[in-house]
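Engineer: How does the following fold in three dimensions:
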Amino acid sequence: MKTYTFQPHGVCSREMQVDLDDQNVIQEFRVVAGCHGNLQGIAALVKGMPAEEAIRRLKGINCKGKGTSCPDQLARGLEQALAQG
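Structural biologist: Take a look at the predicted model:
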């Protein structure tokens, strides 16, 4: 299992960590700052989900006209994680 840490941009959260197993399935998702309840919900929903599926579902979600959101930032972070291998 690998842990990837990234700094989201344009959102309230300051840091995101995701644990991926050797099949790129999300085992855990943690966030520093942000909307705690919403992010706990996202973490519960993506746990056990293949990273590619989470990217497909979350990429492009917009929060308050910011052009991004915490789910979108997670998708972008997962894309980076998969590119790193």
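Engineer: for the chain, what's the longest helix?
Structural biologist: Criterion DSSP state H: the longest helix present in the chain is helix 70-84.
Engineer: which parts of that helix are buried?
Structural biologist: By neighbour count on 16 or more other CB atoms under 10 Å, the buried set for helix 70-84 is 70-78, 81. C-beta: built from backbone N, CA, C; applies to glycine.
Engineer: Packing partners of it?
Structural biologist: strand 2-6, strand 15-20, strand 26-32, helix 36-46, helix 51-58 (3 or more CB pairs under 8 Å, 6 or more residues apart in numbering; DSSP states H and E).
Engineer: thinking again about what came up before, mind putting the buried residues of helix 70-84 into JSON lines with pLDDT?
Structural biologist: JSON lines is the format used below for the buried residues of helix 70-84 (pLDDT from 0 to 100):
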{"residue": "70", "pLDDT": "96"}
{"residue": "71", "pLDDT": "96"}
{"residue": "72", "pLDDT": "97"}
{"residue": "73", "pLDDT": "97"}
{"residue": "74", "pLDDT": "97"}
{"residue": "75", "pLDDT": "98"}
{"residue": "76", "pLDDT": "97"}
{"residue": "77", "pLDDT": "97"}
{"residue": "78", "pLDDT": "98"}
{"residue": "81", "pLDDT": "96"}
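Engineer: now the angle from the longest helix of the chain to strand 2-6?
Structural biologist: Angle between the axes of helix 70-84 and strand 2-6 is 130 degrees (criterion: axes from the mean of the first three to the mean of the last three CA atoms, to 10 degrees).
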